[in-house]
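Asks: This is the structure alone, sequence omitted:
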């Protein structure tokens, strides 16, 4: 009987461990605050903006009894006076018409995380699109995460296209870097995370 109990405990522990090794983006919680620094380089010039997302409990429920949350978004940066115009409506930076989710985790790549085990040395082939590798660990804004790199093929060579640093406990990567021509084109990095 003790062997059966021991086997059941080991099986349950290994199932829990494998679930913890996976990450699913966009699993937000109430009372979270994310602040990111976004740096985009274009024509050799870097532009920096801050993006803040707050999710707060309201203490209210809808007609079906589901909790209602207040969600707010803020962008903060600087603009030249001569730049004031239609871009002013979208904050200091409008991601060239793309949403923040696209910038932080491209929707085309987001699905790959469902099949990727967050363990150093893991690889996942994307059937002709490229290869995803977990290459190490890093710390960003006092959070520990796994370095996940996406390599595409260019002239029969592996080329780094994107890199995410993922803390499985958070709904968004703690750092996202998009590359073009071997150089970082945009970097979106967590500055602070608070859970109250």
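Replies: The structure has been received and is ready for your questions. Quantities reported herein were computed from a predicted structural model and do not represent experimental measurements.
Asks: Which of the helices or strands spans the most centrally placed residue in the chain?
Replies: Nearest residue to the geometric centre of the chain (Cα atoms, centre = their mean): residue 173, 2.5 Å. Assigned by DSSP states H and E, residue 173 belongs to no helix or strand.
Asks: By mean pLDDT, point me to the weakest helix or strand of the chain.
Replies: helix 2-20 (a mean of 36; mean pLDDT, DSSP states H and E).
Asks: how close does the nearest residue to residue 164 once chain neighbours are set aside sit to residue 42?
Replies: Nearest residue to residue 164, sequence neighbours excluded (Cβ to Cβ, 6 or more residues apart in numbering): residue 173, at 4.2 Å. In this view, the C-beta of every residue, glycine as well, is placed from N, C-alpha and C. Noted for residue 173: a distance of 22 Å to residue 42, by Cβ to Cβ, to the nearest Å.
Asks: One more: residue 85?
Replies: 18 Å.
Asks: Kindly report the same for residue 159.
Replies: Residue 159 is 20 Å from residue 42, by Cβ to Cβ.
Asks: Excluding chain neighbours, what is closest to residue 48?
Replies: Closest residue to residue 48 apart from its sequence neighbours, by Cβ to Cβ, 6+ apart: residue 39 at 5.0 Å.
Asks: Secondary structure class of the one you found, three-state.
Replies: strand (DSSP: H, G, I helix; E, B strand; the rest coil).
Asks: is it true that it touches residue 47?
Replies: Yes. If you go by Cβ atoms under 8 Å, residue 39 and residue 47 touch, sitting 7.1 Å apart.
Asks: How about the longest strand along the chain, which residues are buried there?
Replies: Ordering each strand of the chain by length in residues (DSSP state E) puts strand 45-61 first. By 16 or more other Cβ atoms under 10 Å, the buried positions in strand 45-61 come out as 49, 50, 51, 53, 54, 55.
Asks: partner residues bridging the first one?
Replies: Residue 49 has the following beta-bridge partners by DSSP bridges: residue 38, residue 77.
Asks: rewinding a little: average pLDDT across the longest strand of the chain?
Replies: For strand 45-61, mean pLDDT rounds to 92.
Asks: What of stretch 179-191?
Replies: Per-residue scores along stretch 179-191 average to 91.
Asks: now stretch 128-144
Replies: Mean pLDDT, computed over stretch 128-144, is 93.
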